[in-house]
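Q: Quick one: sequence and predicted model below, then my questions.
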Amino acid sequence: MDRRQFLVASALTPAVSLVASRLGYAAEDDGWIQLFNGKDLTGWTPKIRGHELGVNYADTFRVQDGVIKTAYDKYEGPYRGRYGHLFYKEPFSNYILRIEYRFVGEQAKGGPGWATRNSGVMIHGQDPKGMTKDQEFPVSIEVQFLGGDGKNPRNTGNLCTPGTNVVMDGKLHTPHCTNSSSDTFHGDQWVTAEIEVHGGKLIRHKINGKTVLEYTEPQLDPADENGKKLLDAGAAKIITGGTISLQSESHPVEFRKVEIKPLPAEAKTDAKADPLEPCDPVELAEAGSFMIVALPDTQVYAMRPQWNKHFHNQTQWIADNAERLNIKYVLHEGDITNNNTPEQWEVARAAMGRLDGKVPYALAPGNHDYGPNGSSKDRSTMLNDYFSAEELAKFPGFGGVMDDGKLENSYHTFEANGNKYLVLALEWGPRDETVAWADEIVAQHPDHQAILLTHAYMYYDDTRYDWQAKANKQTWNPHDYAQAKLPGGVNDGQELWDKLVKKHPGFVMTLNGHVLEDGAGRTSTPGEAGNMVHQMMANYQNRAEGGEGYMRLIEFSPDGKTIRVRSYSPSTKMCKVAEDQQFTLSL
């Protein structure tokens, strides 16, 4: 069992009890906690458009006969877009939310046609204290409830995205509302909705026990005014938790049960959860060592002007300390940009340019470096418009590229402490022909210790990506993206291991980024020749300010057997010291 799985399993029962205690309710034997006490609105706060937080205009939200009702019989005049949300007092990240609801009566006079027999629950929502007085909906993920009109099909448990987007089928999904596959429920019958939420990873909608919709990577929408405000204020793009609120949209609805079952956090998602220690100035642990530096996903730095500084801080620190710390190479793990746009590539080129003439580097493009707006719909990229093989060839270690003039696949060599090293920098989801090319390059360098650099290889659960065995149980696998259907297909971590890494006795390491959640994963397994291969993933984009400049310092001791790994930020001048962020390996 993976060490995180053991910790999660052993912590589940006390975690449920702790949450229940914090909420002031007792957890039932099966772990469910009642958020609605059946008597009053204790623990709930209304926010109705046009009114301040806490003002329950015209008694919109009320408790009668043991249910929460939204009612409009006390409204003066027509409805006039006075959308309301009843917020629970605590935010949540990982849980199953169960709600029993039904539509009753007639729609309020002046309610919009689309809002007839329409309500829902907002999850991963913003703090209502940050909403403006006239804001219609909180930035959130809406699980939309719809009632039938008595004759026509009308799905419920749908998805709407005020100020947000999600990922479906491996692609960014931007439509505001998306229908589920549910049945239609006419009249005033009770319907049970369950929403299974795994932080910033997977969200699944169920209606009367049937899964009707699922998606991943809930995220703030920078094109939306309210979403952009949160991003500009420093919120992480991927939403890993937030408020829960019940909706009023002009048609009376009743909520009979609102209960939650906390799930164990699959991984820490708050930067504050990472133990940190001051570690500036960085020193070699052993005289005579050398370093390589792995740059995890810089996409947020390239996208957000106020955080460009972290990208520049990283590369300037490397340039300034290259001689003192004997830094031999810088390896970018991909997602250099977020949207594959000229503006973002210009930021990346300027930041990486600080290394020119000082430290050689290799680039492994990620999924966000491909396709229109970083959509990964195809293999088009602006990488070669801003970085050239001709320029990188000026470094003595540059070996060559697979395709003339294109940097998506390259190899590099260097020597240190009497050993020769080979770096293979491969494209996102390497195609079959790319793997074959890489296989030939390694075979041509039998006396080199080989390092594979590619964007997607390890997953955060300390296993390799393995589509054949796990499919979409591991999110963001290259096989779940559009490029998988293009000529040459894609290869994930397990396929790269089987077709390339385990075959060659020279392999000692693989490096990748890409994966969210806690942004760290590693395993060490022997190749066919018995050589130990250390496989590591690091990605800090889900942290504050897109990662706060954290990067991996990988120190090779002069004994040729010991490798020390640190996670350091020149922006914060701190090191992450958790066991998955600072560790020692042996070859």
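A: Good, I have the coordinates.

Q: drop to CA atoms for contacts and neighbour counts, all remaining ones
A: OK.

Q: Any idea which residue is closest to the centre of the protein?
A: For the chain, the residue nearest the mean C-alpha position is L516 (3.9 Å; C-alpha atoms, centre = their mean).

Q: Look up phi and psi at it.
A: As for L516, its main-chain torsions (degrees, to the nearest 10) stand at phi -90, psi -140.

Q: My read is that it contacts A538, right?
A: No. Here L516 lies out of contact with A538, judged by C-alpha atoms under 8 Å, at a distance of 9.0 Å.

Q: in a helix, that's where H368 is, yeah?
A: Yes. The assignment for H368 is a helix, going by DSSP: H, G, I helix; E, B strand; the rest coil.

Q: burial count for the nearest residue to it once chain neighbours are set aside?
A: Once flanking residues are discounted, H368 sits nearest to G374: 4.2 Å by C-alpha to C-alpha, 6 or more residues apart in numbering. A count of nearby residues for G374, using other C-alpha atoms under 10 Å, gives 22.

Q: Distance of V442 relative to L424?
A: 8 Å (C-alpha to C-alpha, to the nearest Å).

Q: hey, what's in contact with both of the two?
A: The contact sets of V442 and L424 overlap at A450 (C-alpha atoms under 8 Å, 6 or more residues apart in numbering).

Q: Flag the shaky bits of the protein, pLDDT-wise.
A: 1-30, 265-273 (pLDDT under 70).

Q: Show me the domain layout of it.
A: 35-262, 289-586 (automatic domain parsing).

Q: Adding distance to P275, write those out as CSV.
A: Formatted as CSV, the domains of the chain follow (distance: least, C-alpha to C-alpha, whole Å):
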stretch, distance to P275
domain 35-262, 19
domain 289-586, 6
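
Q: what about the ones you listed, which gets the closest to P281?
A: domain 289-586 (7.9 Å; C-alpha to C-alpha).

Q: That closest one: how far from the chain's middle?
A: In terms of C-alpha atoms, centre = their mean, to the nearest Å, the centre of domain 289-586 is found 18 Å from the chain centre.

Q: hey, where'd the helices end up in the stretch 201-350 of the chain?
A: All helices of the stretch 201-350 of the chain, identified by DSSP state H, counting those that start in this stretch, fall at 225-232, 299-303, 308-321, 342-352.

Q: buried sites along the longest one?
A: What it means is helix 308-321. N308, K309, H310, F311, H312, N313, Q314, T315, Q316, I318, A319 (16 or more other C-alpha atoms under 10 Å).

Q: Provide the backbone phi and psi angles at the residue nearest to H368.
A: phi 70, psi 30.

Q: And it, how far from M303?
A: Taken as C-alpha to C-alpha, the span from G374 to M303 is 11 Å.

Q: which residues do the two both contact?
A: T337, N338, N339.

Q: of the residues you listed, buried ones?
A: Listed as buried from the shared contacts of G374 and M303 are T337, N338, N339; burial here means 16+ other C-alpha under 10 Å.

Q: Looking at those, which is nearest A233?
A: Using C-alpha to C-alpha, the buried ones among the shared contacts of G374 and M303 come closest to A233 at N338, 18.8 Å.

Q: isn't that closest one right up against W345?
A: No. In this structure, N338 is not within contact of W345 by C-alpha under 8 Å, at 9.3 Å.

Q: between those two, what contacts are shared?
A: With C-alpha under 8 Å, 6+ apart as the test, N338 and W345 both reach A302.

Q: quick one: the helices in this structure?
A: For the chain, the helices defined by DSSP state H cover 3-23, 225-232, 299-303, 308-321, 342-352, 383-386, 389-392, 432-443, 467-470, 493-499.

Q: okay, these in TSV with distance to K47 next?
A: As requested, those are exported to TSV (distance: least, C-alpha to C-alpha, whole Å):
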stretch	distance to K47
helix 3-23	21
helix 225-232	16
helix 299-303	32
helix 308-321	36
helix 342-352	38
helix 383-386	46
helix 389-392	56
helix 432-443	54
helix 467-470	42
helix 493-499	47
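
Q: Can you say which of those helices is nearest to R204?
A: So among the helices of the chain, helix 467-470 is nearest, using C-alpha to C-alpha, at 17.5 Å.

Q: Which positions within the closest one qualify as buried?
A: By neighbour count with 16+ other C-alpha under 10 Å, helix 467-470 contains the buried residues W467.

Q: In PDB, list the C-alpha atoms belonging to it.
A: The C-alpha coordinates for helix 467-470 follow below in PDB (Å, rounded to 0.1, in the frame of the first residue of the first chain):
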ATOM      1  CA  TRP A 467      -4.100   4.100 -18.800                       C
ATOM      2  CA  GLN A 468      -4.400   0.400 -19.600                       C
ATOM      3  CA  ALA A 469      -4.700  -0.500 -15.900                       C
ATOM      4  CA  LYS A 470      -6.300   2.600 -14.400                       C
END
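
Q: Mind listing residues that contact it?
A: By C-alpha under 8 Å, 6+ apart, the surrounding residues in contact with helix 467-470 are Q474, N477, H479, D492.

Q: what do you get for stretch 39-54?
A: Under C-alpha under 8 Å, 6+ apart, the answer for stretch 39-54 is 35-36, 55-57, 61-64, 66-67, 81-89, 128-129, 133-136.

Q: now stretch 376-392
A: Residues external to stretch 376-392 that are found in contact with it (C-alpha under 8 Å, 6+ apart): 171, 340-342, 345-346, 349, 360-361, 365, 367-372, 398, 400-401, 405-408, 481-483, 486.

Q: Report how many residues lie close to the residue nearest to T562 when sequence neighbours are not counted.
A: Leaving aside its sequence neighbours, T562 sits nearest to S586 (C-alpha to C-alpha, 6+ apart; 4.8 Å). Neighbour count for S586, taken as other C-alpha under 10 Å: 14.

Q: With P487 instead?
A: Other residues close to P487 by other C-alpha under 10 Å number 10.

Q: repeat for L86
A: When neighbours are counted by other C-alpha under 10 Å, L86 registers 26.

Q: partner residues bridging it?
A: P46, L246 (DSSP bridges).

Q: for the one 10 residues further on, same thing?
A: On DSSP bridges, the residues paired with I96 through beta bridges are E196, K261.

Q: check contacts around it.
A: Contacts of I96 by C-alpha under 8 Å, 6+ apart are E194, I195, E196, V197, I260, K261, P262, L263.

Q: In a markdown table, list these along with neighbour count.
A: Formatted as a markdown table, these follow (neighbours: other C-alpha atoms under 10 Å):
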| residue | neighbour count |
| --- | --- |
| E194 | 22 |
| I195 | 23 |
| E196 | 22 |
| V197 | 25 |
| I260 | 23 |
| K261 | 21 |
| P262 | 25 |
| L263 | 21 |
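
Q: Show me which of those is closest to D462.
A: In terms of C-alpha to C-alpha, no member of these lies closer to D462 than L263, at 20.2 Å.

Q: give the contact list for the residue nearest to T562.
A: By C-alpha under 8 Å, 6+ apart, the neighbours of S586 are K561, T562, I563.

Q: Filter the residues you listed down to just the ones in strands.
A: Residues from the contacts of S586 lying in strands, with DSSP state E as the criterion: T562, I563.

Q: Return the members of the contacts of S586 classed as buried.
A: Using 16+ other C-alpha under 10 Å as the burial test, the contacts of S586 include I563 as buried.

Q: Going by distance to M458, which of the contacts of S586 wins?
A: Nearest member of these to M458, counting by C-alpha to C-alpha, is I563, at 18.8 Å.

Q: doesn't L585 make contact with the closest one?
A: Yes. Counting by C-alpha under 8 Å, I563 does reach L585; the two are 5.0 Å apart.

Q: who touches both of the two?
A: Joint contacts of I563 and L585 (C-alpha under 8 Å, 6+ apart) do not exist.

Q: In this structure C575 contacts F583, no?
A: No. C575 is beyond contact range of F583, at 11.9 Å (criterion: C-alpha under 8 Å).
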